[in-house]
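Student: mind looking at a prediction? Sequence and model below.
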Amino acid sequence: MGTNRLRNLTIAAGLRHTVGLKTDGTVLAVGDNRCGQCHVGDWRRIVAVDAGNVHMAANTGNAHTIGLKSDGTVVAVGWNQHHQCDVGDWRDIVAVAAGWCRTVGVKSDGTVVAVGRNREGECDVGGWRDIVAVAAGDWHTVGLKKNGTVTAVGNNRYRQCDVGGWRDVTAISAGYLHTVGLKSDGTVAAVGWNRHGQCDVGRWRDIVAVAAGSYHTVGLKFDGTVLAVGGNTHGQCDVGGWRDIVAVAAGCAHTLGVKADGTVVAVGDNAYGQCNVGEWSGIRR
């Protein structure tokens, strides 16, 4: 069973765009580019990417994209109304996450930095220590500690931050109003809003990676197949036929899978071309 504590950061899905990291350290992006969130063509020496996601609503849609460079600095493009792209002075970063209106980074010493909207306390991570990975939902931020426990700040209306009792966690992901944790034994825990069944992961086994979308949850199995539960209005959970998958990502209403050969498959909402990844190749595993 895999024990990598870092989230998948080779492919990322936002509300209306998709980002992929190539083996040569360059980045691809397709989908909505109204805020310049797909302007990543000149990025180099990138080791991780993430995309700001947000639930589907009439008053949302703007997004940003972040990239972690091999030298520990961070680049960002896209919507910056809340200064979520103001990461130019960050140093010694080893992991990143993009939420709605904010960017979060883990430093090499296990502390965490965050910029952007903080109306719900989602950027109140200054006191965190011993963090190895972070995940950002719409209004909450989750941190994985090196001892396998989890902490969270921000909106907790649906108890999406009630992760204090989790143990032996190796990876985390945050959706609109729910939080998902992968345990070292290949099982999965989930808390938060479950109106669409997005937290119904109690029977999952042999999972090696998880991804939380706005209303759905995706799990990658040890054998390269994929599971998904939750809202399926756009077919974002139609992953039953996928094989040879090595990484997954979940956007608002679309799901992505990186295959062992470096190509990408996608299902779900494609209104902005965010699933047009059929010609991609060389994506980092």
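Tutor: In hand now; what should we look at? Residues are numbered from 1 along each chain as shown.
Student: wait, what's in contact with Gly72?
Tutor: Contact analysis of Gly72 by C-beta atoms under 8 Å, 6 or more residues apart in numbering lists 91-94, 108. (Glycine included, C-beta is placed from N, CA and C.)
Student: so it: helix, strand or coil?
Tutor: Secondary structure, DSSP: H, G, I helix; E, B strand; the rest coil: Gly72 is coil.
Student: do you know how far it is from Trp100?
Tutor: Gly72 sits 25 Å away from Trp100, going by C-beta to C-beta, to the nearest Å.
Student: residues contacting the closest residue to Cys85 other than its chain neighbours?
Tutor: Spatial nearest neighbour of Cys85, excluding adjacent residues (C-beta to C-beta, 6 or more residues apart in numbering): Ala76 at 3.8 Å. With contact taken as C-beta under 8 Å, 6+ apart, Ala76 is in contact with 64-67, 84-87, 103.
Student: and for Leu15?
Tutor: Neighbouring residues of Leu15 by C-beta under 8 Å, 6+ apart: 32, 53-56, 60-61, 63, 214, 251-252.
Student: apart from its chain neighbours, what residue comes closest to it?
Tutor: Leaving out its chain neighbours, the residue that sits closest to Leu15 by C-beta to C-beta, 6+ apart is Cys252, at 4.3 Å.
Student: secondary structure element holding that neighbour?
Tutor: Under the criterion DSSP states H and E, no helix or strand holds Cys252.
Student: the one 5 residues further on too?
Tutor: Taking DSSP H and E as the criterion, Gly257 maps to strand 254-259.
Student: neighbouring strands - and their directions - for that strand?
Tutor: strand 245-250 (antiparallel), strand 264-268 (antiparallel) (DSSP bridges).
Student: make a markdown table from the ones you listed and add distance to Thr151, mean neighbour count and mean pLDDT to it.
Tutor: As requested, those are exported to a markdown table (distance: least, C-beta to C-beta, whole Å; neighbours: other C-beta atoms under 10 Å; pLDDT from 0 to 100):
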| stretch | distance to Thr151 | mean neighbour count | mean pLDDT |
| --- | --- | --- | --- |
| strand 245-250 | 22 | 25 | 97 |
| strand 264-268 | 31 | 23 | 98 |
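Student: as TSV, these with distance to Thr18 would be great.
Tutor: Formatted as TSV, these follow (distance: least, C-beta to C-beta, whole Å):
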stretch	distance to Thr18
strand 245-250	8
strand 264-268	7
